[in-house]
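Peer 1: Take this sequence and fold it.
(chains A and B)
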There are 2 protein chains.
Amino acid sequence: MALIVQKYGGSSVVNTDRIKNVAQRVAEYRRRGDQVIVVVSAMGGVTDRLISLAHDIMPVPTEREMDMLLATGEQTTIALTAMALHALNISAISLTGAQAGIETDGMHTKAKIKNITPKQVHQILDQGHVVIVAGFQGQTREGHITTLGRGGSDLTAIAIAAAVKADLCQIYTDVDGVYTTDPRIVPHAKKLDEISYDEMLELASSGAKVMQSRSVEFAKKFRVTFEVRSSLNQNPGTIVKEETANMEHIVVRGVSLDKHQAKATLIGVPDRPGVASQIFKALNEAAVNVDMIVQNVGHGTNPTTDLSFTVERTDLPKSREVIDALATEVGFTDIVTQEEMGKLSVVGVGMKSHSGIAAKLFEVLAEEEINIDMISTSEIKLSVVVSLAQGERALKAAHDAFIGWNSSPSGSGRLRKHRNGEWSLTPKPSSLSQMPSTT
Amino acid sequence: MALIVQKYGGSSVVNTDRIKNVAQRVAEYRRRGDQVIVVVSAMGGVTDRLISLAHDIMPVPTEREMDMLLATGEQTTIALTAMALHALNISAISLTGAQAGIETDGMHTKAKIKNITPKQVHQILDQGHVVIVAGFQGQTREGHITTLGRGGSDLTAIAIAAAVKADLCQIYTDVDGVYTTDPRIVPHAKKLDEISYDEMLELASSGAKVMQSRSVEFAKKFRVTFEVRSSLNQNPGTIVKEETANMEHIVVRGVSLDKHQAKATLIGVPDRPGVASQIFKALNEAAVNVDMIVQNVGHGTNPTTDLSFTVERTDLPKSREVIDALATEVGFTDIVTQEEMGKLSVVGVGMKSHSGIAAKLFEVLAEEEINIDMISTSEIKLSVVVSLAQGERALKAAHDAFIGWNSSPSGSGRLRKHRNGEWSLTPKPSSLSQMPSTT
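Peer 2: The predicted structure follows:
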């Protein structure tokens, strides 16, 4: 008998038939004796309809009332999910975020969880019921209803799993788990059996949108191991957990492509202390999120240099305004922007103890005649900026080089580093080998 | 400066435009300095949609979860109503039933209000905000969400008005107030300026469906004077209040017709003690609500009598089953049922101190050649059962006789009783006199 937290997102509860499917799955676990806490989102589309009602009333709805309004979405789902379990003769009791003891700060529409008092959850479990908790919501100490912002239901599930010390936390979604890269771009991308929090975070911040980073960060902080899996089938998913020594055998866990990058280059920037600070302070004040920055050292008596940085494409016009306003003060000669850029990232905890990944990536891209614009590295990630037009080709080349065609950790179709420092790449199998045999 | 409670029903908040209208009205009161508590229902149609979702899940949804589900309807309206006030620069804070301190018993889907702790309501009012409260809902001492059943939002408004000692309680609806009779049947029915709780209750129990009896009973118990008025115009409505000596000057306040009656007559019932008790105990156990009962005294050595009673038409088949099962035991000779019956009621506190109403009603109906099947009287009500086919004609005749064509209490177009015990009926004016003059 285990204590399990299961979270079902909006697409898993989009209509009453899907809610009945969720109940079937919960019932399976319950019937084998597990205690189950179910966290559900609003039925797909409901939140958008509520937001549209609010916008009919006023263009920028007040945030406290927006939370009062949006909280009804999840409350509807918990009641229907409890009924669906009752229809299967499984006893279940639904709780709003407030009733489940989820206390947040008062930042309406993007509240942070401050504390969870799962007294009532434990009581209901002990009485033999399934507990259904409304995701995405909580209440302040003063009793105001709050919502947690994007990805809030995942956060609810992971926070409750931490609070009740659950044996298992399952995040049900409409994909089978976390993949080595986007299967829509690289069809032979592989589902990962496991991934560390840090790898998951680096992939998320690099454009892979399985989960919001804040939920993964919360899980990391409270050491909650969770599984991302599909509500449409019985396949095992991907376990997200603390890094283990064993994980380092796999050098590269995944590769991702962020297609929403843009690049700005300031030409002829005076190479003196304080100039960079002046520029990036102004961008920060304008709420522009700068990602990569590259600056070279100047030469000569009045040294100047070129300074490049990347931002989200939608922030580029605002960035230009900020920079233009600084032109006289800073004294650069020109600004050049490139709107259509992509960021390719290679992620893996194994990179900590393996050298040569960067060199190999450059080699692979050079073979594809893809130019690298900017480079950035962290302990477990290597990112390069390339032109967006070449992005998907770069992603495929990197995936084939570092991950290959076979998903097993010791698989043959991948780049391997030998003790002498050399890399070898097993040839790609023909795509026919991916087809089921008909003999 | 007054403390006002206003309640708006489902048709007054059926869409965002109507919610904006409600906000305009609330804003008018607020701007002249009144403190306002607004109680709102679910947007028209929302509750039915939620019930239909629940029925998709299970045929008889569990009641606790039904309450959890239905409570979202009013919660949606309070948030949108608060936003609509914000859009008019009126500060407002919404509260669920639980947050407003409405404590109920645990009878889910038909809970009774046990207590109201309006501490938070007072605090918010004192801070200068309008308070928007979700009607129809509360919570148990243990923190479970409950709903109050039919007419629950009226009850919320009247209970809060009692708890905060409001100066005024306004029930906004889609009619102008309480009428002397149903204007769809008698077009010259008059809106009443005032009516006593008891008259309102007798009219409600006689088929006039302005408000559920329980809300009026609650208002009577806690002496809450309230006004029923329209949210579509600025007309004054009908004041419902304690009976005053002045009210007795009007003998008949209103007449009503309940079209859903059916009659059963048991022929040849042995006239001995205990027989009636046997029959009506069995009907009660089958949850059949018996309204009128008529029994005559038998004659002779083995006396038998005929026993008639009325029930709601929908309860007639069940009543027959119960009676048929008793046939041998009780020993009556036959049962005759009449499905299509109507109950005409004449209501007024003035009837307490005026005699001869019954005689006059019988005379009026005799003139119309309408046969009276059964008669029942109370201190302030006289009801007769007639065939449904003659019901509306009977209603018109009674309305014209007792209330007439002119609404003023001393109006000429009505039946009046003189000191010598005689009645006189001023002739009906021609219908032209109702038309506005064009000269």
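Peer 1: For A:Arg150, the count of nearby residues, please.
Peer 2: A:Arg150: 14 surrounding residues under other Cβ atoms under 10 Å in any protein chain shown. The way it works is simple: take the backbone N, C-alpha and C, and place the C-beta from them, glycine included.
Peer 1: Next: the one 4 residues further on.
Peer 2: Here the count is done by other Cβ under 10 Å, and A:Asp154 has 29 residues near it.
Peer 1: what do you get for A:Arg141?
Peer 2: A:Arg141 has 11 nearby residues by other Cβ under 10 Å.
Peer 1: A:Thr377 now?
Peer 2: 13.
Peer 1: Relative to chain B, how far out is it?
Peer 2: 48 Å (Cβ to the nearest Cβ, to the nearest Å).
Peer 1: Let me see the contact set for that residue.
Peer 2: A:358, A:383 (Cβ atoms under 8 Å, 6 or more residues apart in numbering or on different chains).
Peer 1: Give the bridge partners for it, please.
Peer 2: Applying DSSP bridges to A:Thr377 gives these bridge partners: A:Leu382.
Peer 1: Report the mean per-residue pLDDT for the lengthiest helix in chain A.
Peer 2: Using DSSP state H to define each element, chain A has its longest helix at helix A:63-86. When pLDDT is averaged along helix A:63-86, the result is 98.
Peer 1: Any chance you could give me that helix in PDB, C-alpha atoms only?
Peer 2: This file holds the C-alpha atoms of helix A:63-86, laid out as PDB (Å, rounded to 0.1, in the frame of the first residue of the first chain):
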ATOM      1  CA  GLU A  63      -6.700  40.500  -9.700                       C
ATOM      2  CA  ARG A  64      -8.400  39.500  -6.500                       C
ATOM      3  CA  GLU A  65     -11.700  39.000  -8.300                       C
ATOM      4  CA  MET A  66      -9.900  37.300 -11.200                       C
ATOM      5  CA  ASP A  67      -8.800  34.700  -8.700                       C
ATOM      6  CA  MET A  68     -12.300  34.400  -7.200                       C
ATOM      7  CA  LEU A  69     -13.500  33.800 -10.800                       C
ATOM      8  CA  LEU A  70     -10.800  31.400 -12.000                       C
ATOM      9  CA  ALA A  71     -10.900  29.300  -8.800                       C
ATOM     10  CA  THR A  72     -14.400  28.100  -9.900                       C
ATOM     11  CA  GLY A  73     -12.800  26.200 -12.800                       C
ATOM     12  CA  GLU A  74     -11.000  23.700 -10.700                       C
ATOM     13  CA  GLN A  75     -13.800  23.500  -8.200                       C
ATOM     14  CA  THR A  76     -16.100  22.300 -11.000                       C
ATOM     15  CA  THR A  77     -13.600  19.600 -11.900                       C
ATOM     16  CA  ILE A  78     -13.100  18.300  -8.300                       C
ATOM     17  CA  ALA A  79     -16.800  17.900  -7.800                       C
ATOM     18  CA  LEU A  80     -17.300  16.000 -11.100                       C
ATOM     19  CA  THR A  81     -14.200  13.800 -10.500                       C
ATOM     20  CA  ALA A  82     -15.500  12.900  -7.000                       C
ATOM     21  CA  MET A  83     -18.900  12.000  -8.600                       C
ATOM     22  CA  ALA A  84     -17.200   9.900 -11.300                       C
ATOM     23  CA  LEU A  85     -15.500   7.900  -8.500                       C
ATOM     24  CA  HIS A  86     -18.800   7.500  -6.600                       C
END
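Peer 1: in chain A, which helix or strand is least confident?
Peer 2: None of the helices or strands of chain A scores lower by mean pLDDT, DSSP states H and E than strand A:423-425, at a mean of 53.
Peer 1: Poorly predicted segments of chain A, please.
Peer 2: A:207-208, A:298, A:405-439 (pLDDT under 70).
Peer 1: Quick one: the helices in it, in order.
Peer 2: Using DSSP H, helices in chain A cover A:16-31, A:46-57, A:63-86, A:119-126, A:152-163, A:197-205, A:213-221, A:275-285, A:316-326, A:357-367, A:388-402.
Peer 1: between those helices, which gets nearest to B:Lys190?
Peer 2: Each of those has some distance to B:Lys190 by Cβ to Cβ; the shortest is helix A:46-57, at 38.0 Å.
Peer 1: Look up phi and psi at A:Glu142.
Peer 2: phi -80, psi 0 (degrees, to the nearest 10).
Peer 1: Quick one: neighbours of it, just the number.
Peer 2: 7.
Peer 1: Quick check: closest non-adjacent residue to it.
Peer 2: Of all residues not flanking A:Glu142 in the chain, A:Gly106 sits nearest, at 7.6 Å (Cβ to Cβ, 6 or more residues apart in numbering or on different chains).
Peer 1: Ok, A:Arg229 next?
Peer 2: A:Gly237 (2.6 Å).
Peer 1: Walk me through which strands the longest strand along chain A pairs with, and which way each runs.
Peer 2: With DSSP state E setting the assignment, residue counts place strand A:254-270 as the longest strand in chain A. Using DSSP bridges, the strands paired with strand A:254-270 are strand A:304-312 (antiparallel), strand A:334-347 (antiparallel).
Peer 1: for it, the distance to its chain's centre please.
Peer 2: Its chain's C-alpha centre and that of strand A:254-270 lie 21 Å apart, by Cα atoms, centre = their mean, to the nearest Å.
Peer 1: State the distance from A:Thr301 to B:Ser376.
Peer 2: According to Cβ to Cβ, to the nearest Å, A:Thr301 and B:Ser376 sit 114 Å apart.
Peer 1: what about the two, which has more around it?
Peer 2: Per other Cβ under 10 Å, whichever of A:Thr301 and B:Ser376 has more neighbours is B:Ser376, with 16 against 4.
Peer 1: Tell me which residue of the stretch 301-439 of chain A lies closest to chain B.
Peer 2: For the stretch 301-439 of chain A and chain B, the shortest gap (Cβ to the nearest Cβ) falls at A:Thr314, measuring 27.5 Å.
Peer 1: And stretch A:110-126, what's buried?
Peer 2: Buried residues in stretch A:110-126, defined by neighbour count with 16 or more other Cβ atoms under 10 Å in any protein chain shown: A:110-111, A:113, A:116, A:118, A:120-122, A:124-125.
Peer 1: distance between the ends of stretch A:165-182?
Peer 2: 33 Å (Cα to Cα, to the nearest Å).
Peer 1: wait, I meant stretch A:366-376
Peer 2: 17 Å.
Peer 1: Stretch A:374-384 now?
Peer 2: OK, stretch A:374-384 end separation, Cα to Cα: 6 Å.
Peer 1: Using CSV, write out every CA atom in stretch A:331-341.
Peer 2: The C-alpha coordinates for stretch A:331-341 follow below in CSV (Å, rounded to 0.1, in the frame of the first residue of the first chain):
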residue,chain,number,x,y,z
GLY,A,331,28.5,56.4,-27.4
PHE,A,332,28.4,53.3,-29.6
THR,A,333,28.5,53.7,-33.3
ASP,A,334,25.7,51.4,-34.5
ILE,A,335,23.1,48.7,-33.5
VAL,A,336,22.4,45.7,-35.6
THR,A,337,19.5,43.3,-34.8
GLN,A,338,18.6,39.9,-36.1
GLU,A,339,15.1,38.8,-35.4
GLU,A,340,15.1,35.2,-36.5
MET,A,341,17.5,33.3,-34.3
